[in-house]
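Structure, please.
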Amino acid sequence: MAALDLQEQEQLDALKTWWKDNGTRLLSMLLIVAAIFAGWRGWQYYQHKQSGDAATLYQQFTLQLGSNDSRRINDAAAVLMDKYAASAYAARAALEAAQVNEQSKDAVRAKTQLQWVIDHVKEATLKDVARLRLAAVLLNEQNYAAALQQLDAQHPASFDGLYADLKGDVLSAQGKPGEARAAYQIAYDKTEAKSAYRNLIQMKLDALGDGK
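Below you'll find the model as predicted:
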């Protein structure tokens, strides 16, 4: 029995020695794992809450759209863009607010909102839409070089027709009928045959004649 007690004492002493050498490191590792897990759960909660809050604000924003009050619409969009920039709601609010400003001839604010989408939004399609609309605003301002710069940006093939058509508008406004015709032809070729939009492009081609 005494020998067994001695063996147990030796095991206990060995455990104490091991804990003295390794206990602090093991405890630190456990704390790190616990912190990571807690942080992950906290991030999930934060993301869920952020998404919910952004959705609520976007609902309020859509209500303001119905008011036709540009100040309220812009204020509501600004809150989403400022506090929930990473959300899809912010991008859509910026695009819709920009449309309101385009219609009310507030080109400065519209350009700012469209540029914000280009600079901050991860969703590529929304960036492509924003570039196209920004180019249209720049065309109306006769800022042809800046408009062409937007239209020359890389975009998916599905946007080729729209980008080429607007590029034709810019070149036509610059007094370059030959280049405009070439752009319109690309737009025509890239647009579905059954699309009514294709007929509009054909009208532009016809208006330019042979492009000479």
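
Would you mind listing where this structure has pLDDT under the threshold?
1-52, 210-212 (pLDDT under 70).

Can you pull the domain assignment for this structure?
Domain ranges of the chain: 34-122, 144-212, per automatic domain parsing.

Output those as CSV; include the columns distance to residue 133 and mean neighbour count.
Every residue, glycine included, has its C-beta placed from N, CA and C. Converted to CSV, those look like this (distance: least, C-beta to C-beta, whole Å; neighbours: other C-beta atoms under 10 Å):
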stretch, distance to residue 133, mean neighbour count
domain 34-122, 6, 16
domain 144-212, 9, 16
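
For residue 208, which residues are in contact?
172, 177, 180-181, 184 (C-beta atoms under 8 Å, 6 or more residues apart in numbering).

Can you tell me the element residue 86 falls in?
Residue 86 is part of no helix or strand, with elements assigned from DSSP states H and E.

got the contact list for the residue nearest the centre of the chain?
The C-alpha lying nearest the average C-alpha coordinate of the chain belongs to residue 121 (C-alpha atoms, centre = their mean; 1.9 Å). Shown in contact with residue 121 (C-beta under 8 Å, 6+ apart): 90-91, 127, 130.

Return the member of these nearest to residue 154.
Of all the contacts of residue 121, residue 127 has the smallest distance to residue 154: 10.1 Å, by C-beta to C-beta.

Now for the residue nearest to that closest one when sequence neighbours are not counted: which residues touch it?
Distance criterion C-beta to C-beta, 6 or more residues apart in numbering; nearest residue to residue 127, sequence neighbours excluded, is residue 118 at 5.4 Å. Applying C-beta under 8 Å, 6+ apart to residue 118 gives the contacts 127, 130-131, 134.

before we move on, the earlier item: now the phi/psi pair for the residue nearest to the centre of the chain, please.
Dihedral pair for residue 121: phi -90, psi 140, per degrees, to the nearest 10.

again, but for residue 152
phi -90, psi -10.

What separation is there between it and residue 139?
14 Å (C-beta to C-beta, to the nearest Å).

again with residue 112
Distance from residue 112 to residue 139, by C-beta to C-beta: 17 Å.

What of residue 58?
For residue 58, the distance to residue 139 - C-beta to C-beta - is 30 Å.

and what of residue 187?
15 Å.
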